[in-house]
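S.K.: Any chance you could fold what I've pasted below:
(one chain, ligands or ions: 2)
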Amino acid sequence: MAVFTPLNDAQVSGFLERFDVGSLDTFEGVASGTENTTYFVTTDRQSLVLTLFEQGEHDELPFFVDLLDYLAEHRLPVPGPVHDRQGIALQSLAGKPALLFPRLPGKSPKQPNLAQCEALGDALGRMHFIAQRFEGHRPNPRDLHWLLATHHQVLGYLSPEDQALMGDEIDTYQGAFENADSLPQGAIHGDLFRDNTLFDGDRLGGIIDFYNGCTGDLLFDLAIVINDWASDTDGSLNRERHDALLRAYLARRPLTASERQCWPLMLRMTALRYWLSRLLVVYVDPPAHELTPHDPEQFRTILVRRIAEGALPLPG
Ligand SMILES: Nc1ncnc2c1ncn2[C@@H]1O[C@H](COP(=O)(O)OP(=O)(O)OP(=O)(O)O)[C@@H](O)[C@H]1O
Ligand SMILES: N[C@@H](CCO)C(=O)O
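M.R.: Ligands and ions are numbered 1, 2, ... in the order given. Reported below is the predicted structural model:
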């Protein structure tokens, strides 16, 4: 369902001629994905991914290209965009902005094992370490300001208890984060769920889908990852996955005192960030296609657990 723009053989072959990647063998639309059109393309030389951008702010695409270039240059497992014969990555095809990527190996883990959690923690720690020196800038579109400005849109769909829960939480974050010492900032992925990683066995083949990438608190990114990778189905933290991921991360980038202090609340704020974004998809801005939206309740459950149980001790 992720082929919003159909392409024919002539369009794809003509497109590939702009690059030094060989000539077209086959191409097929990719069914997963919800926002962009994605094709797997094979040439006589390599496997590639062609993405056409269907929505979003197209003037932000250079930020994503620069970030992926930068991370790939630093040997992070990300798909560095292929540049054409003139050195340009960002293209146009069928009237849409288009990028060509190497196809990375592996598939997304639904239930990551401890070696996979460790591999992801290590890569994220390395990524955050070097991302602090990335010079591009894009404000975090899903930070506390966004929560404050947007949550009113869903309150009318919630029970009185959930309205109070959401409102009280946002008040708490405001009080705490606005008075906290500043947190280390850098380029962040912004949505590093399991389905945005590819694993070949225990080896991390790649981190993909950087289109929520932005400049923000590194801790925000880490909390998103822990809530997705280390939550059990009842929302509570799974100590083994939590420790495997964080031990590897902290070996690459230790947290500051201020980050350690903010950690329990950051886990709550990023849980609420997804509760809210999923509620917006369900009630306010449903997508034009028939894919089943992600369940907001899952992140309400995680939020309630984090409030009741707090964070686990950081390993080491
Ligand atoms: N470089 C790559 N290597 C291998 N597979 C890829 C690559 N890029 C994308 N894919 C595959 O294409 C799918 C869709 O890509 P992507 O996640 O970028 O699309 P999207 O429409 O933004 O989806 P989402 O719903 O995750 O936001 C991925 O789930 C993955 O299977
Ligand atoms: N990772 C998001 C969807 C893509 O932005 C979610 O689970 O709600």
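S.K.: Domain-wise, how is this protein divided?
M.R.: Per the record, the chain has its domains at 9-102, 114-309, by automatic domain parsing.
S.K.: The shortest one near ligand 2 at all?
M.R.: No: interface with ligand 2: domain 9-102 contributes nothing (Cβ under 6 Å from any ligand atom), its closest point being 7.1 Å away. All C-beta spots, glycine's among them, are computed from the backbone N, C-alpha and C.
S.K.: Please report how far the residue in the stretch 1-150 of the chain that ligand 2 sits nearest to lies from Leu99.
M.R.: Here the residue of the stretch 1-150 of the chain nearest ligand 2 is Thr34; by Cβ to the nearest ligand atom that distance is 7.1 Å. Distance of Thr34 to Leu99, computed by Cβ to Cβ, to the nearest Å: 17 Å.
S.K.: picking that back up, any chance of the domains of the chain in CSV, plus distance to ligand 1 and mean pLDDT?
M.R.: Output for the domains of the chain, formatted as CSV (distance: least, Cβ to the nearest ligand atom, whole Å; pLDDT from 0 to 100):
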stretch, distance to ligand 1, mean pLDDT
domain 9-102, 3, 95
domain 114-309, 4, 96
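S.K.: Export those to CSV and append columns for mean neighbour count.
M.R.: Below are these laid out as CSV (neighbours: other Cβ atoms under 10 Å):
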stretch, mean neighbour count
domain 9-102, 16
domain 114-309, 18
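S.K.: can you put those domains in JSON lines and add distance to Ser108?
M.R.: What follows is those, written out as JSON lines (distance: least, Cβ to Cβ, whole Å):
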{"stretch": "domain 9-102", "distance to Ser108": "9"}
{"stretch": "domain 114-309", "distance to Ser108": "5"}
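S.K.: where do the helices sit along the stretch 201-316 of the chain?
M.R.: Along the stretch 201-316 of the chain, the stretches classed as helices by DSSP state H, counting those that start in this stretch are 218-229, 239-252, 257-279, 296-309.
S.K.: Relative to ligand 2, which of these is closest?
M.R.: Nearest to ligand 2, of all those, is helix 257-279, at 5.1 Å by Cβ to the nearest ligand atom.
S.K.: And the closest one, how far out from the chain middle?
M.R.: Relative to the chain's own centre, helix 257-279 is displaced by 15 Å; criterion: Cα atoms, centre = their mean, to the nearest Å.
S.K.: what helices or strands is that helix leaning on?
M.R.: helix 144-150, helix 160-179, helix 218-229, helix 296-309 (3 or more Cβ pairs under 8 Å, 6 or more residues apart in numbering; DSSP states H and E).
S.K.: Now do the same contact list for the closest residue to Pro296 other than its chain neighbours.
M.R.: In this structure, Pro296 finds its nearest non-sequential neighbour in Arg278, 3.8 Å apart by Cβ to Cβ, 6 or more residues apart in numbering. Residues in contact with Arg278, defined by Cβ atoms under 8 Å, 6 or more residues apart in numbering, are 293-296, 298-299.
S.K.: And Val41, by the same measure?
M.R.: Taking Cβ under 8 Å, 6+ apart, one finds 12, 16, 24, 26-27, 47-50, 100 in contact with Val41.
S.K.: Between the two ends of stretch 22-41, what distance do you get?
M.R.: 11 Å (Cα to Cα, to the nearest Å).
S.K.: for stretch 135-147, that is, sorry about that
M.R.: From its first residue to its last, stretch 135-147 covers 26 Å (Cα to Cα).
S.K.: just stretch 25-40 next, same as before
M.R.: End-to-end distance for stretch 25-40: 11 Å, by Cα to Cα.
S.K.: Go ahead and measure how far it is from the middle of the chain.
M.R.: 19 Å.
S.K.: Contacts for that stretch next, please.
M.R.: The contact list for stretch 25-40, computed with Cβ under 8 Å, 6+ apart, reads 1-7, 9, 12, 41-44, 47-56, 96, 103, 195, 211, 287, 289, 291.
S.K.: quick one: which of the residues you listed sit in strands?
M.R.: Judged by DSSP state E, the subset of the contacts of stretch 25-40 located in strands is 41-43, 47-52, 96.
S.K.: could you dump those to JSON lines with distance to Asp66?
M.R.: Converted to JSON lines, the ones in strands among the contacts of stretch 25-40 look like this (distance: Cβ to Cβ, whole Å):
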{"residue": "Val41", "distance to Asp66": "23"}
{"residue": "Thr42", "distance to Asp66": "28"}
{"residue": "Thr43", "distance to Asp66": "26"}
{"residue": "Ser47", "distance to Asp66": "24"}
{"residue": "Leu48", "distance to Asp66": "20"}
{"residue": "Val49", "distance to Asp66": "19"}
{"residue": "Leu50", "distance to Asp66": "20"}
{"residue": "Thr51", "distance to Asp66": "16"}
{"residue": "Leu52", "distance to Asp66": "20"}
{"residue": "Lys96", "distance to Asp66": "20"}
